[in-house]
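[1] Sequence plus predicted model, see below.
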Amino acid sequence: MPDAEPERTPTRRERYRLGVRIGLGLAAGSFLLAVAFGAMTRAQGWGLLAPIVCSLAVFSGSAQFALATGLAGGSVATALGAAALINARFLPMGLAVAPALRGGRLRRAAESQAVVDGSWAAAHLGGGRFDRELLIGATAVQWPAWAAGTALGVLAAPPPDLIQSLGLDVVFPAFFLVLLVDELRGSRRARLAAGIAAALAAGIVMVAPVGVALIASGAGALIGLRRPHRRAP
Amino acid sequence: MTLWIAIGVLALVNLTIKAAGPTLLGDRQLPEWSRGVIALLAAALLTGLVVVNVVGAGGASFRWFVVIGLAVAVGARLLKAPVLPAVLAGVVTTALLRLAIG
C-alpha cells in the first residue's frame, strides 16, 4: 500500500513505481514457478514454442498448470474445464477492481487483464477500494518474468525435483500468505472471512477439483453482507 | 494441433473472465450491498489459494515441512520483515527441513 508522506497523496507516477517495486518481488516468484512450468511441459512433449506462447497468452500459473496436468492425464475438454474453473475467481476479482479502472469499455477490458492474484491483493487499499496504478505497475513486471522463466525452463529443462529440493515450491503460497497477513491485520471481519474460507477450501479440496475449492473459498467473503456493528457516536 | 487450440481457447476464456466485470459495469459503481463482500474478497481468496496450494487435490500435496516453512514466513512478516525477506525465510526453512529429513 502507498507509504505516502502524511500531507501529500502520491502522484500517479509514484503509484506506478510503487507497483513496479512490489511487482519485482512477485516477479521473482513468478519467474521460478514459470521455470517449473517450462520444465514440466518440455518433459510432456509440448516442444519449445508452445509453453512460451502459452505463458505469454494465458499468463496464469494456476490455470496453465491445470491445463498441463489435465492434458497429460485426460481429454482436452477436461483439461480446459479444470483450467477455466480455477480462473473463475477472476470474475469477482474483476468486478472488485472495476470502479478503479478508467476509460470506455474496451480500455477497461484491456486494463482488467492486469488482474493477477499477487498484484490484485497488493493493490487492495482496504474497504474494497483498489489502486489502479499499483495494480498495473505490479503486473507489468510479472508478465515478462513469467514468459522469461518459462523460456528458461523449456531450454534448460531442470529435473522437476530440483524446484522442490530448493524449497521453491513454497514461493507462491508464502507470498500469498504474507499478503494475507497484511489483509488480516486489524480486521476481525477479515479474520472471520479467512477462517470460513480456510475451512471451506480444506474440506472441499479433499473431495472435489481444486477450482471448485478455490471458488468456494470466496464464499467466506459473504459475511460482508452483514453490516458491521457500530456504536452510536 | 490440439495443444495449440487448447492454448488459444484457454487464453480467450481467461481474457473474457477477467474483462467481464469491468466491461459490463462500465463506469458505474458497484451496488452498496456488495461493498462489504468485495472488501473481504482478498482475505477469503488468498486464504483459499494458500490452503489449496498446501493441501492439494485429495490431500496429495500436504507436507508438514511446507507448513513449518510457511509459518516461519508468517512469523517473519508479523515481526515486521519486508515481504521478500519474509518469503525467503519460509523458502530456506522448507529447503533445510527437506534436506534434513528428506
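    Sure, I can see it.

[2] thought A:Asp131 was touching A:Ser119?
    No. The pair A:Asp131 and A:Ser119 fails to qualify as a contact (CB atoms under 8 Å) at a distance of 10.0 Å. Where C-beta positions appear, they are placed from N, C-alpha and C, glycine not excepted.

[3] Not counting its neighbours along the chain, what's nearest the residue minimising distance to the centre of chain B?
    The centre of chain B sits closest to B:Leu49, judged by CA atoms, centre = their mean, with a distance of 3.8 Å. With sequence-adjacent residues excluded and distances taken as CB to CB, 6 or more residues apart in numbering or on different chains, B:Leu49 is closest to A:Phe176, at 4.9 Å.

[4] try B:Gly26
    A:Arg105 (6.1 Å).

[5] List the contacts of that neighbour.
    With contact set as CB atoms under 8 Å, 6 or more residues apart in numbering or on different chains, A:Arg105 has these partners: B:Pro22, B:Thr23, B:Gly26.

[6] Scan the residues you listed and report the most crowded one.
    B:Pro22 (28 neighbours; other CB atoms under 10 Å in any protein chain shown).

[7] Tell me the pLDDT of it.
    With respect to pLDDT, B:Pro22 has a value of 93.

[8] what helix or strand is it on?
    Remark: B:Pro22 resides in helix B:2-25, with elements defined by DSSP states H and E.

[9] Buried residues, that helix. List them.
    Applying a neighbour-count criterion of 16 or more other CB atoms under 10 Å in any protein chain shown, the buried positions in helix B:2-25 are B:3, B:6-7, B:9-11, B:13-15, B:17-23, B:25.

[10] restrict those residues to those near chain A?
    Applying CB under 8 Å from any CB of the partner chain, the subset of those adjacent to chain A comprises B:3, B:6-7, B:9-11, B:13-15, B:17-23, B:25.

[11] Quick check, the residue in chain A closest to chain B?
    Here chain A gets closest to chain B at one residue, A:Ser217, 2.5 Å apart by CB to the nearest CB.

[12] so what's the spatially closest residue to B:Val13 that is not a sequence neighbour up against?
    Excluding the flanking residues, the one nearest B:Val13 by CB to CB, 6+ apart is A:Ala84, at 4.9 Å. Residues near A:Ala84 by CB under 8 Å, 6+ apart: A:Ala63, A:Gly211, B:Leu10, B:Val13, B:Asn14, B:Ile17.

[13] what do you get for B:Ala6?
    Counted by CB under 8 Å, 6+ apart, B:Ala6 has contacts A:Leu67, A:Leu71, A:Val76, A:Ala79, A:Leu80.

[14] And the residue of chain B that's closest to chain A?
    Closest point on chain B to chain A, by CB to the nearest CB, is B:Gly48, at 2.5 Å.

[15] Next, see if stretch A:61-73 gets close to chain B.
    Yes. Using CB under 8 Å from any CB, we find that stretch A:61-73 touches chain B at A:Ser62, A:Ala63, A:Gln64, A:Leu67, A:Leu71.

[16] before we move on, the earlier item: looking at the residue nearest to B:Gly26 now. What's its pLDDT?
    For A:Arg105, the model assigns a pLDDT of 90.

[17] tell me what whichever strand or helix holds A:Thr41 is packed against?
    Assessed by DSSP H and E, A:Thr41 sits inside helix A:12-43. Applying 3 or more CB pairs under 8 Å, 6 or more residues apart in numbering or on different chains; DSSP states H and E, we find helix A:12-43 packed against helix A:49-57, helix A:61-73, helix A:117-122, helix A:132-156, helix A:160-165, helix A:171-184, helix B:83-101.
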